[in-house]
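Colleague: Next input, structure requested:
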Amino acid sequence: MSLKKDIENGESKNIEFKIELPSSNILAKTVIAFSNTGGGKLIIGISDKGEIIGLKESVDIFELQDKIASIVYETCYPNILPDIYTTTINGAVLLVIEIFRGNLLPYYLKHQGKNDGVYIRVGATNRKASYENIIDLERQRFNKGFDQEINKSILFENLDISAISKRFKNIGKDFDQTVMKNLKLIYEENGKIYPTNGLLILLGMFEHVIIKCSRFKGVTMDVFLDRKEYKNDLFTQLENAENFIKNHISLSSEIKGLQRQDKYEIPIQAIREALVNAVIHRDYSNFGRDVKIGIYDDMVNIVSPGGFPSTITHEDILEGRSEIRNKVIARVFKELNYIEQWGSGIRRIKSSCKKVGLLEPEIIEKGDFVDVSLYRGLLNINSKNGDFSELNEQESKIIDLLNTGDGKIKTKDVKNILNVEERRAREVLKGLVDREFIIKKGKGPSTFYELK
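Modeller: Residues are numbered from 1 along each chain as shown. Reported below is the predicted structural model:
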């Protein structure tokens, strides 16, 4: 992706803007956070809103580069080697400090030490790493996940593994100790067999291995209509969660030949893929979080703890790049045919929904979790013929405002009118643009929308 495109997309996990060089402490924290996460670029000469200002003419570029290199060398440990260069966009000179993900994790501020000086990138901000974050960075240094660690708090012989062995048996596969060792579900040490965290997760033996499902009234979380919590083994949790969703979305039927075929408003394939992704890719080292499913009038929302793996961006996900956080769990799911092909799940979710006329699902990294929105209701709208009859409630409000107001609307207006988060406001506007009800004009902060 070009630097200009990076700037247009705004600050993110791997992009940060500053009008001028920040203090030594702020610069060091950003450099460390990028090194500990997925790398990134700190671009000097741009406002927080993405306006290209450029460096002042009086700035000595070479002196500034030397100063940055000295700050990084003196304040960060282990040593970080940034790539510092200038570029010109729209006649403005920008200074880019590019940091690559390090292989000596974790990186930290020298004067604070490893316990207090580690920073990570969460969304578009630098966050002080918790003890659990530091432990996870040390695992990443050796390419080892939480689910691969041996858990000596319980002996394998005391576990009931029937919930998993039955599923292997149902597809004609063995599940003896040899298979379990090969799948890294158990390890033998000094004549004793211990489970890995991966096996305990699959059996649902940690308190945070749980899926919480809720059906809300309307499009907000104000009023509950139904809610359930599912524990047990991970596979049973998935089945229960799928059934909960099915019970709260619309089902239609049609007769083909002599048979009746039932069809849910959201393709079951998309629901299953989203659920499987949520449990395979979530961060199980965070004991304070669980998977949450919210069903609203306009969407099914699935929230999974843990952002995208450090080196993965949203664009990488859409292009099919796959990086597995939980290798033990993923390997078992692959053996049981829950996974067809690595990196293909997101494409199947999107294509199956678009095929039946739904708004394209939204899959975003939001802070330290991944948020998936599967939108409900068939579109079947032809705006070119002036047919506004099947607009949903949110879309109708936008069209009404454009008809009765000054003919222009911005994202922040939609956010306030619909009482939704900015991501949802943008998605509703994008849906209306894609179907040619409205057109988008302007760029950056000046973007607005008009009726077509």
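Colleague: those strands in the stretch 301-450 of the chain, which residues are they?
Modeller: In the stretch 301-450 of the chain, the strands defined using DSSP state E, counting those that start in this stretch lie at 362-366, 369-375, 438-441, 448-451.
Colleague: Next one: Glu207 from Ala278, what distance?
Modeller: Glu207 sits 18 Å away from Ala278, going by Cβ to Cβ, to the nearest Å. Just so you know, the C-beta spots here come from the backbone N, C-alpha and C atoms, and that holds for glycine as well.
Colleague: correction: Glu51
Modeller: According to Cβ to Cβ, Glu51 stands 37 Å off from Ala278.
Colleague: Give me the more crowded residue out of these two.
Modeller: More neighbours surround Ala278 than the other of Glu51 and Ala278, with 22 against 14 (other Cβ atoms under 10 Å).
Colleague: Asp136 against Glu149, yeah?
Modeller: No: contact criterion Cβ atoms under 8 Å: Asp136 and Glu149 do not qualify, at 11.0 Å.
Colleague: neighbour count winner among these two?
Modeller: Asp136 (24 against 16).
Colleague: Which pLDDT value belongs to that one?
Modeller: What the model reports as pLDDT for Asp136 is 92.
Colleague: same thing with Ile312?
Modeller: 70.
Colleague: about what we covered before: nearest to Val31, out of the strands of the stretch 301-450 of the chain?
Modeller: Proximity to Val31 (Cβ to Cβ) singles out strand 362-366 among the strands of the stretch 301-450 of the chain, at 21.2 Å.
Colleague: how far is stretch 426-438 from where the chain is centred?
Modeller: A distance of 23 Å separates the centroid of the chain from that of stretch 426-438, by Cα atoms, centre = their mean, to the nearest Å.
Colleague: Only C-alpha atoms, please: export it in CSV.
Modeller: Coordinates of each C-alpha in stretch 426-438 appear next as CSV, following Å, rounded to 0.1, in the frame of the first residue of the first chain:
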residue,chain,number,x,y,z
ARG,A,426,-20.2,4.4,7.9
GLU,A,427,-21.5,1.0,7.0
VAL,A,428,-25.1,2.3,6.6
LEU,A,429,-23.8,5.1,4.4
LYS,A,430,-21.7,2.8,2.4
GLY,A,431,-24.7,0.5,1.7
LEU,A,432,-26.7,3.5,0.4
VAL,A,433,-23.8,4.6,-1.8
ASP,A,434,-23.2,1.1,-3.2
ARG,A,435,-26.9,0.9,-4.1
GLU,A,436,-26.8,4.3,-5.7
PHE,A,437,-29.3,6.0,-3.3
ILE,A,438,-26.7,8.6,-2.3
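Colleague: Who are the contact partners of the closest residue in space to Val328 that isn't next to it in sequence?
Modeller: Spatially, and ignoring its direct neighbours in sequence, Val328 is nearest to Gly198 (3.1 Å; Cβ to Cβ, 6 or more residues apart in numbering). Residues in contact with Gly198 (Cβ atoms under 8 Å, 6 or more residues apart in numbering) are Asp147, Gln148, Lys184, Leu185, Asn326, Val328, Ile329, Val332.
Colleague: and the gap between Gly198 and Leu234?
Modeller: Look at Gly198 and Leu234: by Cβ to Cβ, they are 10 Å apart.
Colleague: for this structure, what helix or strand is lowest in average pLDDT?
Modeller: Among the helices and strands of the chain, helix 314-318 carries the lowest confidence by mean pLDDT, DSSP states H and E, at a mean of 68.
Colleague: For Asn14, see how far away Cys76 is.
Modeller: Distance of Cys76 to Asn14, given as Cβ to Cβ: 18 Å.
Colleague: Need the strands of the stretch 301-450 of the chain in JSON lines (columns: mean neighbour count and distance to Ala33).
Modeller: Converted to JSON lines, the strands of the stretch 301-450 of the chain look like this (neighbours: other Cβ atoms under 10 Å; distance: least, Cβ to Cβ, whole Å):
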{"stretch": "strand 362-366", "mean neighbour count": "17", "distance to Ala33": "15"}
{"stretch": "strand 369-375", "mean neighbour count": "22", "distance to Ala33": "18"}
{"stretch": "strand 438-441", "mean neighbour count": "15", "distance to Ala33": "33"}
{"stretch": "strand 448-451", "mean neighbour count": "16", "distance to Ala33": "34"}
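Colleague: who wins for proximity to Glu273 among those?
Modeller: Here strand 369-375 is closest among the strands of the stretch 301-450 of the chain (Cβ to Cβ), at 9.5 Å.
Colleague: so for stretch 267-282, what's the average pLDDT?
Modeller: 95.
Colleague: Repeat that for stretch 29-41.
Modeller: Stretch 29-41 comes out at a mean pLDDT of 96.
Colleague: Show me what that stretch is in contact with.
Modeller: 3, 6, 13-16, 22, 42, 72, 76, 80, 82, 96-102, 105-109, 117-121, 126-127, 129, 137, 310-313.
Colleague: And stretch 228-240, by the same measure?
Modeller: By Cβ under 8 Å, 6+ apart, the surrounding residues in contact with stretch 228-240 are 163-164, 167, 201-204, 209-213, 241, 244, 272, 275-276, 279, 329, 336.
Colleague: Do me a favour and get the end-to-end distance for it?
Modeller: Separation of the first and last residues of stretch 228-240 by Cα to Cα, to the nearest Å is 9 Å.
Colleague: returning to that earlier point: with neighbour count, pLDDT and distance to Ile32 as extra columns, can I get the contacts of Gly198 in a markdown table?
Modeller: Putting the contacts of Gly198 into a markdown table (neighbours: other Cβ atoms under 10 Å; pLDDT from 0 to 100; distance: Cβ to Cβ, whole Å) gives the following:
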| residue | neighbour count | pLDDT | distance to Ile32 |
| --- | --- | --- | --- |
| Asp147 | 25 | 96 | 27 |
| Gln148 | 18 | 96 | 26 |
| Lys184 | 17 | 96 | 32 |
| Leu185 | 26 | 97 | 36 |
| Asn326 | 24 | 94 | 26 |
| Val328 | 22 | 97 | 30 |
| Ile329 | 28 | 97 | 30 |
| Val332 | 28 | 97 | 35 |
